[in-house]
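Colleague: Sequence first, then the predicted structure:
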Amino acid sequence: MPTEATLPPIWQALMSLVHYVQRVNDTEYCASCPNCGGAPHQDGEWPDRFRIFCDSHPTAWCRRCGHLLFPDKLDGDPPSAEDLERWRQEQEARELARKRSAELALANLRSERLWEQYHEQMDERARDYWLCRGVPRFYQDWWQLGWCASRRFYWNGEPFITSTATIPLADATSHIVSMKHRLQTFPDGAGKYRYDAAHLPHAPFLCNPDNALTGHVIAVEGEIKAMVTHITLDDGKACVLGMPGLTPGPTTIDALANADRITLIVDPGARMGAWKLTGQLGRERCRVLIPAQKIDDGILASKMDKHDLQYLIRNALPVAA
């Protein structure tokens, strides 16, 4: 079971009013609501309806009941009209700032053509890394995978430097919309993946953007796992998509909107996460494959060929029942 996070000093008085506190990022936490409660979901995930912000305009509010709090008003008194108007304006300003940051980040990515720069930095060590991950040179060039020798990131406010393998993410028109770094070293808890800039969309990895995501789509948890799955299937008509985890966000959900059938390939132990995702996608069109080990590791370890992989996919379990 997860360990409850500790709220920052400005929100310490909330600790006695909320439960299941989780840290979302440097400026946001989530928990149960002090007004309408909240208990663990059937899949074991903790409630996250109550959002607690600790940025330059700290507020806390519930997505379920609309309960709104400020650090200096934790006695449950309803906020005044002035408080509500200020909060509304702050929310609009926060969303506008996020959109502007996303637009600037994408404009910089495209104007600098950063994915091409990283691809040009692929030396033999970088090529060997991708080859060991199951991606031959042809596909390294086709997908313009890359390498960054040194990049600064932050974790808990502290900087760290690492080399990264880079993954450009294109849309259905082959235009780059985002880029992801696979960190080679990272502090405990920091996570192995980062986007090139904040607010870039968490877009799916389309193994073949020329194929429309209709008919049968194979959605794999993780971009590199999707690459290895696509390569092993060796089928130019196959629609294989790499998801940025089991909470992929609206960009991936929208990309799968026109699929008639979706086969989800997820990591071992991800049954509950897969069940939740199928609820978003529509369980009647979903099948789930949970292999004994991560799909790319299994393919490489057992030297699986396309017939072996096709057999596994055909035997993915329907979840509509």
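Modeller: On my side now, so go ahead.
Colleague: show me the residues around the closest residue to residue 150 other than its chain neighbours that make contact.
Modeller: Leaving out its chain neighbours, the residue that sits closest to residue 150 by CB to CB, 6 or more residues apart in numbering is residue 161, at 5.8 Å. For every residue, glycine as well, the C-beta is placed using N, CA and C. By CB atoms under 8 Å, 6 or more residues apart in numbering, residue 161 lies in contact with 150, 151, 152, 153.
Colleague: What strand or helix carries the third one?
Modeller: Meaning residue 152. strand 146-155 (DSSP states H and E).
Colleague: List of residues touching that strand?
Modeller: 115, 117-123, 125-126, 129, 159-166, 168, 181, 183, 186-187, 189-190, 194.
Colleague: Could you rerun that using 10 Å?
Modeller: 26, 114-123, 125-127, 129-130, 140, 159-168, 179, 181-184, 186-191, 194, 196 (CB atoms under 10 Å, 6 or more residues apart in numbering).
Colleague: and those, which are buried?
Modeller: 114-115, 118-119, 122, 126-127, 129-130, 140, 162-168, 179, 181-183, 186, 190, 194, 196 (16 or more other CB atoms under 10 Å).
Colleague: Residue 263 and residue 314 touch, don't they?
Modeller: Yes. If you go by CB atoms under 10 Å, residue 263 and residue 314 touch, sitting 9.1 Å apart.
Colleague: So for these two, which residues contact both of them?
Modeller: Common neighbours of residue 263 and residue 314, using CB under 10 Å, 6+ apart, are 287, 289.
Colleague: More neighbours: the two, which one.
Modeller: A count of neighbours by other CB atoms under 10 Å puts residue 263 above the other of residue 263 and residue 314, at 21 against 10.
Colleague: Tell me who's in contact with that one.
Modeller: 216-220, 240, 285-289, 312-314, 316-317.
Colleague: In strands, which of those fall?
Modeller: Of these, the ones assigned to strands by DSSP state E are 216, 217, 218, 219, 220, 240, 286, 287, 288, 289, 317.
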